[in-house]
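Asker: next one to model:
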Amino acid sequence: MSTDSSSPNRGLVVFSGGSAANSLVDVFSDVQKSKQCSLSYIIPISDNGGSSSELIRIFGGPGIGDVRSRLVRLIPESPRNPEREAIKALFNYRLPYDASAAHAEWHSIVEGTSPLWLAITPAKRELIRSFFNLLNSEILKRARPPGTTFDFTSASVGNLFLTGARLFSGSFESAIYLLGSICGVPSDLVRVIPAINSNFSHHISASLTDGTVIVGQNSISHPSEATALQPRPGSRRPSLLLADGEELESSDDATYEDDHLPGSLPTLRNKNISFSKAQNEDLPSRISRIWYINPYGQEIRPPANPRVLESLRDAQAIIYSIGSLFTSLIPALILRGVGRNIVTSPAKHKILILNGSLDRETGPPDQPFTAVDFVEAITRAGEESRGRGLCESNGGTPYSPSFTMAKPAMLETLPYSSYVTHILHLDGPGTPAVEREKLAEMGIETLRLYGRKIVAQDGEREVQTGMKYDSTALVQALEVVLGKRGDAILRGGQGNGLSRRNTLEAGRKERG
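Answerer: This is a model prediction of the structure:
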């Protein structure tokens, strides 16, 4: 690919997590085709919930769930290719919630007798099965019944394959390449890049403005327990899920050291297979900072995957997709090298697609995040990646952040427009407020889109909980910003917005 700064074929780079941004894959694909360029997805590997949590508990390694879900979502639709559709169904499949049924179904997959194999040709079936067999063998080696055994409950078959391929090759990126190749994902045009290239687990912690420390991504975004904010008796500070390192009261603690490296925090020993993304208690205060930790809970500053930095150096546009701000975007932005490469990237457009609703991470009832808060969090993360002097040291004690938040006076000098130049947003109940005048002063343009209402049932009445982007309107908006649709009808004033004529099914209700 040309390195000429004026080249129209520089790539698009999308920072995103998994499930939320998967709904926009077709949007990004349409823009990529119209710009005739490559498309790179930067995916964090810090997720320790769901199916990934059990693989991390037994094997260690990165959180692979978001990478797998994006790869499978990118498999081209092929109604005339039943094998490709069958492979997509296989890697999308989750084992039953019942433990015994899940174990039995896993063995039918390993043995090749599962109905999931029916439309897959023998050559590909045996190739895929070989990695399942390898993984199954490794699971048996690590079994220490009755205390430590692998729990197949709700396991993602795609996650199991990626883990088997990683164990065989010794390379996470080789496993990604293999899955993409088997599924027909055009890797010359679309790349799924883990934010960190590693065979080891990388966990994150968060601090809240009230001093609470939260350990592990799952506990930050959608904790498995009914409440994640119950201080244990005698704890030294408000902590979350034993962030201060106290021991678990567990029947299988005695066997723990047989299967884990010394130093792993008790919080990270827990199974996080079952959780709800829709029903979580509110955090008592705002998240102030995210950072990476080693197995002892001490802060580390890992470097970004070199392929991430390469994609940023050759980008014509950088997009921050919808999703969880502090667990989908920030873990990639704070990595060493990312901030510098965003600021110095040839990309003229750095676009934030603002969430259509607030979540646990951004919606404390008394302090809900606004568009300015989203921009500030992204900018602060990028500047921290650069090692800029935004923060004051507090001594760096274990299980607490090494830095505190910058003072408000210092935040006024942040280079906001070096990280975000445009915001695309929706307007309606449940959406983050957008301070257009303040954003304009920060050098950021806003573009308002029409979308679909998301409603939830509250007893006998419907309540609007947010908005969902209309795909056609979002493609048009991105093309407006990127300069392809200069003739699009725009609404003038402080906050530009696409005309209703540029949308389809505007305002239609979407049930949550």
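
Asker: just checking, what's the longest helix in this structure?
Answerer: helix 122-142 (DSSP state H).

Asker: what's the model's confidence in that one, averaged?
Answerer: Mean pLDDT, computed over helix 122-142, is 96.

Asker: same check on stretch 313-324?
Answerer: For stretch 313-324, mean pLDDT rounds to 97.

Asker: measure that stretch end to end?
Answerer: 25 Å (CA to CA, to the nearest Å).

Asker: for stretch 136-153, same thing?
Answerer: One end of stretch 136-153 to the other measures 15 Å (CA to CA).

Asker: counting contacts, what elements does the longest helix of the chain pack onto?
Answerer: The helices and strands touching helix 122-142, judged by 3 or more CB pairs under 8 Å, 6 or more residues apart in numbering; DSSP states H and E, are helix 51-59, helix 82-92, helix 99-111, helix 157-169, helix 172-183. Every C-beta, even on glycine, is put in place using the N, C-alpha and C of the backbone.

Asker: for those helices, give me a markdown table that also has mean pLDDT.
Answerer: Formatted as a markdown table, these follow (pLDDT from 0 to 100):
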| stretch | mean pLDDT |
| --- | --- |
| helix 51-59 | 87 |
| helix 82-92 | 95 |
| helix 99-111 | 96 |
| helix 157-169 | 97 |
| helix 172-183 | 95 |
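
Asker: how about JSON lines for those, with distance to Arg68 and mean neighbour count added?
Answerer: JSON lines is the format used below for those (distance: least, CB to CB, whole Å; neighbours: other CB atoms under 10 Å):
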{"stretch": "helix 51-59", "distance to Arg68": "9", "mean neighbour count": "23"}
{"stretch": "helix 82-92", "distance to Arg68": "7", "mean neighbour count": "19"}
{"stretch": "helix 99-111", "distance to Arg68": "16", "mean neighbour count": "16"}
{"stretch": "helix 157-169", "distance to Arg68": "4", "mean neighbour count": "23"}
{"stretch": "helix 172-183", "distance to Arg68": "7", "mean neighbour count": "20"}
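
Asker: out of these, flag the one nearest Gln298.
Answerer: The closest approach between Gln298 and any of the helices and strands packed on helix 122-142, judged by CB to CB, belongs to helix 51-59 at 18.8 Å.

Asker: what's the first helix or strand after the closest one?
Answerer: Proceeding N to C from helix 51-59, the next assigned helix or strand is helix 65-73, under DSSP states H and E.

Asker: export that next one as CSV, just CAs?
Answerer: C-alpha atoms of helix 65-73 as CSV (Å, rounded to 0.1, in the frame of the first residue of the first chain):
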residue,chain,number,x,y,z
GLY,A,65,-14.3,-13.5,22.9
ASP,A,66,-14.4,-10.1,21.2
VAL,A,67,-11.9,-11.1,18.5
ARG,A,68,-13.8,-14.3,17.8
SER,A,69,-17.2,-12.5,17.6
ARG,A,70,-15.8,-10.0,15.1
LEU,A,71,-14.1,-12.6,12.9
VAL,A,72,-17.3,-14.7,12.7
ARG,A,73,-19.4,-11.6,12.1
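
Asker: need the contact list for Ile287.
Answerer: 206-209, 220, 326, 361 (CB atoms under 8 Å, 6 or more residues apart in numbering).

Asker: just to revisit the earlier point, reformat the helices and strands packed on helix 122-142 as TSV; add distance to Gly17.
Answerer: Shown next, in TSV, are these (distance: least, CB to CB, whole Å):
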stretch	distance to Gly17
helix 51-59	12
helix 82-92	17
helix 99-111	25
helix 157-169	15
helix 172-183	16
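
Asker: sorry, back to before: tell me the buried residues within the contacts of Ile287.
Answerer: 206-208, 220, 326, 361 (16 or more other CB atoms under 10 Å).

Asker: which one of these is nearest to Pro79?
Answerer: Comparing those against Pro79 with CB to CB picks out Glu361 as the nearest, at 38.3 Å.

Asker: now the closest one. Nearest residue, chain neighbours left out?
Answerer: With CB to CB, 6 or more residues apart in numbering as the criterion, Glu361 has its nearest non-adjacent residue at 4.7 Å, and that residue is Phe326.

Asker: would you mind measuring from the one you found to Ile290?
Answerer: 5 Å (CB to CB, to the nearest Å).

Asker: quickly list what's touching both of the two.
Answerer: Residues touching both Phe326 and Ile290 (CB under 8 Å, 6+ apart): 206, 220.

Asker: for the record, mean pLDDT for stretch 449-460?
Answerer: 78.

Asker: good, we can wrap up now.
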